[in-house]
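> Here's a sequence, model it:
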Amino acid sequence: MLCIDGIVFLFPVGISFFVGTEGLFLPSFFAALVLSVGCIYYGRHHNKQCSVRESAWYMGVIWMVMTGLGMIPFFLTGQYSVGDAFFESASACTTTGIVLHPVYIQQIAVLGIWRGVLTWLGGLHFILLLATIMPQVSGCFGLFLSARQRIHFSPLFHQLDGRAKRLGFLYVCFTLLIISGYVLCHMPLQDALVQALLTVSMGGGYQTLGTYAHMPGVLGVTSIGMLLGAGNFLLFSKEMRYERLKDMFCDIEWRVFMGLILCGGLGIAVVLYRICSYSMIEAIEYGLFHTLSFLSTSGYVLTDVAKWPDMAVFILFISAFIGGGMGSVTGGLRIIRCIILIKVAIQEMKRTLHPRMVLHISVNKMPVEMQIMSRILTYFFLFVAVFFVSALVISLGGISPLTAMGLSIGALSSTGTTVYLFSHGDIVFLPMWVKVYSALLMIIGRIEIFSFFIMVHTGIQYLRRQW
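Residues are numbered from 1 along each chain as shown. Below you'll find the model as predicted:
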């Protein structure tokens with residue numbers, strides 16, 4: 001992972017030499033290089049198989065290290081405090097999309113490129129972990145069902161296996177495709193590059209499109225990028241290999257995802273058309289685009305959505321809570337888990353009416369084991385519990401409860417724009433501890449919550465043994 005970071009860091013470092021800001025990015029590059037060499041040297045005798053505990057710690061540490069490397073250029077500008085730099089870097093690496101100081105990003109153009117690279121790397125890391133580490137930690141939380149097949153675990157420490165290489169190759173191809181699309185829409189090359197990095201990685205954020213949103217074709221390219229990023233990469237790689245596209249369209253998670261976009265978009269369109277001064281075509285366009293944006297946890301907005309009617313805002317909030325597909329770059333609770341939760345509820349109602357009836361749950365023609373159902377219920381409880389507790393903690397920083405809930409779910413689901421659904425308050429003025437807590441919450445949400453609790457549990461066990 002760190003080797004990949006170091007290689008990709010060469011891109012902003014090379015650009016910085018032309019604009020005279022190489023001092024901002026060289027420390028991160030050399031730090032990534034040293035850490036890579038150290039990890040390769042000390043891990044050369046490590047066996048390829050690792051335990052669930054090691055996998056969970058690896059997921060947590062890799063994002064903390066990446067955030068630490070990413071915050072260095074922000075801090076060296078002299079405009080960011082340590083807490084602000086950590087928050088900005090965590091927001092980028094976890095593809096949350098919250099920008100604390102957009103003015104500085106605009107003034108220092110190469111800093112915007114750096115942020116785009118961090119966001120893109122965050123998406124790439126998630127995709128690679130999806131094929132290597134996550135099946136060991138989160139396989140029983142719905143990942144196997146989303147893949148429509150059993151995934152055999154192959155850790156990442158020594159080399160990427162074939163599946164990880166295919167997923168990474170797909171991710172790069174999607175990025176190049178979206179860059180080409182933006183260039184064809186007459187967007188400047190530098191802006192097209194940064195915009196594509198943000199779009200494919202689901203790290204769009206608030207008002208990132210700017211004036212380009214009204215250029216012909218830009219919204220279409222952005223929508224295609226969000227659909228590709230929100231799709232199931234495990235199925236994408238499978239269909240690329242076996243050329244069976246029909247399985248992709250028969251996948252229940254993909255069909256529910258498209259159905260939610262249609263229903264949510266039309267619901268918002270009706271509200272905008274009847275209550276606000278939107279034409280029918282404009283209402284449908286805004287409704288579908290914003291529903292896709294929040295359901296894919298990208299967070300792109302074309303207007304001030306906080307001024308929309310409450311029902312439209314609530315639909316966007318729920319969309320961010322649900323999230324995208326299990327095998328995608330998106331965050332949130334994930335659609336496959338929601339499907340299983342609904343089926344479990346229906347099954348229990350039938351069992352109450354007919355105690356002797358033998359019932360079973362299947363998804364994509366695959367039976368759902370009792371262990372998977374139990375763990376998904378546990379995951380749902382933990383997700384909701386962390387959401388409400390975090391909203392309570394964040395509200396201690398002096399912001400309204402709704403804004404605190406928006407920031408909490410935004411950090412957990414990697415949809416930072418939810419913080420602006422209920423107010424126009426600037427989070428720059430939040431206490432430093434709230435920013436650090438929110439940044440850590442972003443990382444917890446990105447490593448699928450349960451990995452965090454495994455880390456806490458193993459840490460407590462280690463301390464007990466020491467005492």
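
> In the stretch 201-350 of the chain, where is pLDDT below threshold?
Where the stretch 201-350 of the chain drops to pLDDT under 70, the residues are 206-208, 210, 238-248.

> try 90 this time
202-218, 228-255, 275-279, 298-307, 323-334, 336-337, 344, 346-350 (pLDDT under 90).

> what helix or strand does residue 80 sit in?
Element membership of residue 80, judged by DSSP states H and E, is empty: it is in no helix or strand.

> what about the closest residue in space to it that isn't next to it in sequence, how many residues close to it?
Of all residues not flanking residue 80 in the chain, residue 74 sits nearest, at 4.5 Å (C-beta to C-beta, 6 or more residues apart in numbering). C-beta: built from backbone N, CA, C; applies to glycine. Residues lying near residue 74 (other C-beta atoms under 10 Å) number 29.

> how near is residue 74 to residue 108?
10 Å (C-beta to C-beta, to the nearest Å).

> Low-confidence ranges, the stretch 351-467 of the chain, go.
Applying pLDDT under 90 to the stretch 351-467 of the chain flags residues 351-379, 397-403, 414-417, 419-430, 446-467.

> Assess the claim that the residue nearest to residue 80 and residue 82 are in contact.
No: with contact defined as C-beta atoms under 8 Å, residue 74 does not count as touching residue 82 (9.6 Å).

> And the strands in this protein?
Taking DSSP state E to define them, one finds strands in the chain at 362-363, 366-367.

> Tell me which of these sits most buried.
Stretch with highest mean neighbour count among the strands of the chain: strand 362-363 (a mean of 15; mean count of other C-beta atoms under 10 Å).

> Which residues outside that strand are in contact with it?
Under the criterion C-beta atoms under 8 Å, 6 or more residues apart in numbering, residues 145, 252, 336, 339-340, 343, 368 lie in contact with strand 362-363.

> what does stretch 335-344 give?
Under C-beta under 8 Å, 6+ apart, the answer for stretch 335-344 is 141-142, 145-146, 252-253, 256-257, 260, 322-326, 361, 363, 368, 372-373, 376-377, 379-380.

> which of these count as buried?
Among these, those classed as buried by 16 or more other C-beta atoms under 10 Å are 141-142, 145-146, 252-253, 256-257, 260, 322-326, 361, 363, 368, 372-373, 376, 379-380.

> Who are the contact partners of the residue nearest to residue 80?
For residue 74, the contacting residues are 80, 84-85, 88-89, 111, by C-beta under 8 Å, 6+ apart.

> export these to JSON lines and tack on distance to residue 27?
JSON lines is the format used below for these (distance: C-beta to C-beta, whole Å):
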{"residue": "80", "distance to residue 27": "14"}
{"residue": "84", "distance to residue 27": "18"}
{"residue": "85", "distance to residue 27": "12"}
{"residue": "88", "distance to residue 27": "16"}
{"residue": "89", "distance to residue 27": "13"}
{"residue": "111", "distance to residue 27": "14"}
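
> Pick the one among these closest to residue 37.
For the contacts of residue 74, the minimum distance to residue 37 (C-beta to C-beta) is 22.4 Å, reached by residue 89.

> Next, report how far stretch 365-374 is displaced from the centre of its chain.
Taking C-alpha atoms, centre = their mean, to the nearest Å, the mean C-alpha location of stretch 365-374 is offset from the chain mean by 25 Å.

> my bad, stretch 307-323
18 Å.

> What residues of that stretch count as buried?
Burial within stretch 307-323, assessed by neighbour count using 16+ other C-beta under 10 Å, is assigned to 308, 312-313, 315-317, 319-323.

> tally of neighbours for residue 455?
Residues within reach of residue 455, counting by other C-beta under 10 Å, total 18.

> Check the one 10 residues further on too.
Counted with other C-beta under 10 Å, the neighbours of residue 465 add up to 7.

> Quick check: residue 98 vs residue 277, distance?
Taking C-beta to C-beta, one finds residue 98 at 30 Å from residue 277.

> Provide a list of residues in contact with residue 267.
287, 311-312, 315 are the contacts of residue 267 under C-beta under 8 Å, 6+ apart.

> Quick one: the helices in the stretch 301-450 of the chain, in order.
310-322, 335-353, 370-395, 401-413, 432-446, 450-466 (DSSP state H, counting those that start in this stretch).

> Out of these, indicate the one that is most buried.
helix 401-413 (a mean of 25).

> show me the contacts for residue 195.
Per C-beta under 8 Å, 6+ apart, neighbours of residue 195: 116, 178, 182, 187, 208-209, 212, 222.

> Who has more neighbours out of residue 98 and residue 277?
residue 98 (29 against 8).

> Please tell me I have it right and that one contacts residue 427.
Yes: using C-beta under 8 Å, residue 98 is in contact with residue 427, at 7.1 Å.

> Which neighbours do these two have in common?
Both residue 98 and residue 427 are in contact with residue 419, where contact means C-beta under 8 Å, 6+ apart.

> Give the residue farthest from the middle of this protein.
Largest separation from the mean C-alpha position in the chain: residue 356, at 42.8 Å (C-alpha atoms, centre = their mean).

> State the distance from that residue to residue 350.
Residue 356 is 11 Å from residue 350, where distance means C-beta to C-beta.

> Give me the distance between the two termini of stretch 440-456.
14 Å (C-alpha to C-alpha, to the nearest Å).

> which other residues reach that stretch?
Residues from elsewhere that reach stretch 440-456, judged by C-beta under 8 Å, 6+ apart: 52-53, 55-57, 59-60, 63-64, 67, 90-91, 94-96, 122, 126, 134, 137-138, 141, 331, 378-379, 382-383, 386, 390, 408, 411-414.

> for the stretch 1-150 of the chain, what are the low-confidence residue spans?
1-63, 65-66, 69-70, 72-74, 76-81, 97-117, 121-150.

> pretty sure residue 77 is touching residue 107, no?
No: look at residue 77 against residue 107 with C-beta under 8 Å: they stay out of range, at 9.4 Å.

> more crowded one of the two?
Set side by side, residue 77 and residue 107 show more neighbours around residue 77, with 15 against 12, by other C-beta under 10 Å.

> Return the distance of the more buried one relative to residue 127.
Counting by C-beta to C-beta - residue 77 and residue 127 are separated by 30 Å.

> now do residue 87
With distances taken as C-beta to C-beta, residue 87 is found 24 Å from residue 127.

> Who has more neighbours out of those two?
Remark: of residue 87 and residue 127, residue 87 carries more neighbours, 30 against 23, as counted by other C-beta under 10 Å.

> Contacts only, for the more buried one.
Residue 87 makes contact with 98, 100, 435-436, 438-439, according to C-beta under 8 Å, 6+ apart.

> Brilliant, that's me finished.
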